[in-house]
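# have a look; sequence and predicted model below, questions after that.
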Amino acid sequence: MSTEFILKFCGLFLGVLARMLLPWLRKLRDGRAVRFSLRYLYSSAGSLILGFILTLVLFPQMEAGLDGPPAFEAFFKVFCLAFGFGFGWNGLVLEGGQWAGILGSDANERKEGVR
């Protein structure tokens, strides 16, 4: 495995992880979350799989530095691009699932008494 592949995967994974944990941490801070909802985990697993496939297909080969090996700046750009892609892709999956009624919403959880 190349350094570029590892950075793409790590960036995507950390982006999905950040998008999964931020809503839960916000609810935990506000005192509304008692336990971790598995719907975050399910949507994140789907986002990670789809995002990984699309990352390998859509991301171009890293072409930085014509004279030598890629510098730190090129690797950092690839990582940031993958992180943003994972964060955004997970947001799209969560929002699409709520629109379709698959993942449920916070209002539905409050009606059922689940926090």
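Right, received. Where do you want to start? Numbers count the residues shown, from 1 in each chain.

# can you give me the helices in the chain?
3-30, 38-58, 72-100, 106-112 (DSSP state H).

# would you single out the least confident of those?
Lowest mean pLDDT within the helices of the chain: helix 106-112, at a mean of 48.

# list the contacts for the most centrally placed residue in the chain?
Of all residues in the chain, the one closest to the mean position by CA atoms, centre = their mean is residue 16, 1.6 Å from it. For residue 16, the contacting residues are 44, 47-48, 51, 86-87, 89-90, by CB atoms under 8 Å, 6 or more residues apart in numbering. Every residue, glycine included, has its C-beta placed from N, CA and C.

# from residue 10, how far off is it?
For residue 16, the distance to residue 10 equals 11 Å [CB to CB, to the nearest Å].

# kindly report the same for residue 17.
Distance of residue 17 to residue 10, computed by CB to CB: 10 Å.

# same question, residue 3
From residue 3 across to residue 10, the span is 10 Å (CB to CB).

# what touches both of the two?
Contacts common to residue 3 and residue 10, judged by CB under 8 Å, 6+ apart, are absent.

# the two: which is more packed in?
A direct count of neighbours by other CB atoms under 10 Å for residue 3 and residue 10 places residue 10 higher, at 15 against 12.

# my read: that one touches residue 80, true?
No: using CB atoms under 8 Å, residue 10 is not in contact with residue 80; the gap is 11.4 Å.

# highest neighbour count among the contacts of residue 16?
Top of these by neighbour count (other CB under 10 Å): residue 86, with 29 neighbours.

# what about that residue, distance to residue 34?
Taken as CB to CB, the span from residue 86 to residue 34 is 27 Å.

# which residues sit against stretch 44-51?
Applying CB under 8 Å, 6+ apart, the contact partners of stretch 44-51 are 12-13, 15-17, 19-20, 85-86, 89-90, 93-94.

# just give me the closest of those to residue 101.
Nearest to residue 101, judged by CB to CB, of the contacts of stretch 44-51 is residue 94 at 12.9 Å.
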